[in-house]
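1. coordinates only, sequence not included:
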């Protein structure tokens, strides 16, 4: 009977895709809890098409552009010229705008085709909770890279009371599907075990997206400077605050003109400020004021390329501070709403105890920059990085691609294979 159904669906692909859509709407969508009656009747219809061993489907922030860890994994596969069918999932508004290599197939997020690609892929790669998917099959392998090196804000189970029941249900289901989590530090490994509703395999190799902070800075510099038409002699401060629960932009009240004058007096030369808002508040970027020296960098696809070329980072509560720490360049924190923010989202670290100078208003920001002691900063930064045990990301993408190669060449149950990841020579 199963073979007859399989042959039938192979001959009527459009029917299969429509049935997948029905499965999503009536089974996964209602709080993403699978109802047994629907699952019993419909699931067999979605697991009969053959899995293509060389197909890898990657998603960045559920379709928000081309970047983060999945991008660097995809480009490592291309660099090695491996025989993979690489599929990148994009939201409609990013199609035609994202700078994706021609050899990567683009599929629209939340489309029927999206479901088809997931159902027939050997490997899934995501950097955020998976919210739109087909039932994961035993022969499929799901790699979750996550999107932070070290978390500052408490997340997942650690703020369970602040999360909706719907999100908790999605998160738990996502964790059940994951075969391999990528960890960037001992701190994050401990966090995964405690807070992600996950007890599977964790690979401690660093973040693929951080490789560009260690290698390739010269190449990235040319690319970014050309994009923003910045003269090579100008220094760059990247302002990259995180989002607020109400999408409020009033807290992004840095006096940029004053900031530039302080930087030029402290360090000399000409300075440019790149303003990069969080992906969750991209649509708010136009509400800020820009000029020839204050540039809107929110639409730039790859945050890590911006980090790679910047001379100073200014942020508030974003975990990008930990990534930029790998460059050993100055980091300043500007947090005008720190007390209110702590009430809403408590931290894993005392902000004042971090090695990064903290300011709560523009007067304080001027003072911490003027009084910045590089030698003291490097000493405190080195001690902090040792404490959280951040991993060297050099070669992280290649190590993950080696695992993908092993998975795609493995015809056994991938759940069993996941338990042997640590035995691979990577």
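-> Sure thing, it's come through. Just so we're clear, the structure is a prediction, and the values are computed from it rather than from any experiment. Numbering: from 1, shown residues only.

2. how far away is residue 80 from residue 404?
-> According to CB to CB, to the nearest Å, residue 80 stands 10 Å off from residue 404. (Glycine included, C-beta is placed from N, CA and C.)

3. ok, the two, which is more surrounded?
-> Ranked by neighbour count (other CB atoms under 10 Å), residue 80 and residue 404 place residue 404 first, with 21 against 13.

4. Does that one touch residue 123 like I think?
-> Yes. The pair residue 404 / residue 123 is scored as a contact, 5.6 Å apart, by CB atoms under 8 Å.

5. joint contacts of the two?
-> 56, 143 (CB atoms under 8 Å, 6 or more residues apart in numbering).

6. Can you list the residue ranges for helices in the stretch 301-426 of the chain?
-> Using DSSP state H, counting those that start in this stretch, the helices of the stretch 301-426 of the chain run over 303-309, 320-324, 338-344, 362-370, 374-388, 396-408, 414-418.

7. deepest of the ones you listed, which one?
-> With neighbours defined as mean count of other CB atoms under 10 Å, the helices of the stretch 301-426 of the chain peak in mean count at helix 320-324, which reaches a mean of 25.

8. what's the average pLDDT for that helix?
-> The average pLDDT within helix 320-324 is 94.

9. Excluding sequence neighbours, find me the nearest residue to residue 255.
-> If the residues on either side of it in the chain are set aside, residue 255 comes closest to residue 362, at 4.5 Å by CB to CB, 6 or more residues apart in numbering.

10. Next up, the contacts around that neighbour.
-> With contact set as CB under 8 Å, 6+ apart, residue 362 has these partners: 253, 254, 255, 258, 259.

11. separation between it and residue 122?
-> Distance, residue 362 to residue 122, using CB to CB: 53 Å.

12. just residue 389 next, same as before
-> According to CB to CB, residue 389 and residue 122 sit 33 Å apart.

13. of those two, who's got more company?
-> For the pair residue 389 and residue 122, the greater number of neighbours falls to residue 122 (23 against 14), based on other CB under 10 Å.

14. Quick check on that one: phi, psi?
-> Dihedral angles of residue 122 (phi, psi; degrees, to the nearest 10) stand at phi -80, psi -40.

15. Would you mind confirming that it is in contact with residue 50?
-> No. Residue 122 is beyond contact range of residue 50, at 10.5 Å (criterion: CB under 8 Å).

16. Check which residues of stretch 165-175 are buried.
-> Within stretch 165-175, the residues that count as buried by 16 or more other CB atoms under 10 Å are 167, 170, 171, 173, 174, 175.

17. biggest separation within those, which pair?
-> Farthest-apart pair in the buried residues of stretch 165-175 is 167 and 175; separation 12.4 Å (CB to CB).

18. since we're on residue 284, how many residues are nearby?
-> Using other CB under 10 Å, residue 284 has 17 other residues around it.

19. In three-state terms, how would it be classified?
-> Look at residue 284: counting by DSSP: H, G, I helix; E, B strand; the rest coil, its state is helix.

20. so how far is residue 345 from it?
-> Relative to residue 345, and taking CB to CB, residue 284 is found at 19 Å.

21. and after the one helix or strand residue 193 maps to, which helix or strand comes next?
-> If you go by DSSP states H and E, residue 193 is part of helix 186-195. Using DSSP H and E, the helix or strand that follows helix 186-195 in sequence is strand 201-204.

22. list the buried ones in that next one?
-> If you call a residue buried by 16+ other CB under 10 Å, then strand 201-204 has these buried ones: 201, 202, 203.

23. how long is stretch 343-353 from one end to the other?
-> Counting by CA to CA, to the nearest Å, you get 18 Å between the two ends of stretch 343-353.

24. tell me which residues in that stretch are buried?
-> Buried residues in stretch 343-353 (16+ other CB under 10 Å): 345, 349, 351.

25. Could you double-check that the last one sits in contact with residue 360?
-> What it means is residue 351. No. Judged on CB under 8 Å, residue 351 makes no contact with residue 360 at a distance of 10.2 Å.

26. Residues that sit against both of these two, list them.
-> Residues touching both residue 351 and residue 360 (CB under 8 Å, 6+ apart): 335, 338.

27. what sits up against the helix or strand containing residue 175?
-> Assigned by DSSP H and E, residue 175 belongs to helix 165-177. Residues from elsewhere that reach helix 165-177, judged by CB under 8 Å, 6+ apart: 31-33, 129-131, 133, 136, 142, 144, 156, 160, 163, 196-198, 200.

28. and that helix, what's its mean pLDDT?
-> Helix 165-177 comes out with an average pLDDT of 93.

29. chain center to that helix: distance?
-> Between the centre of helix 165-177 and the centre of its chain there are 18 Å (CA atoms, centre = their mean, to the nearest Å).

30. Having no further points to raise, I will conclude here.
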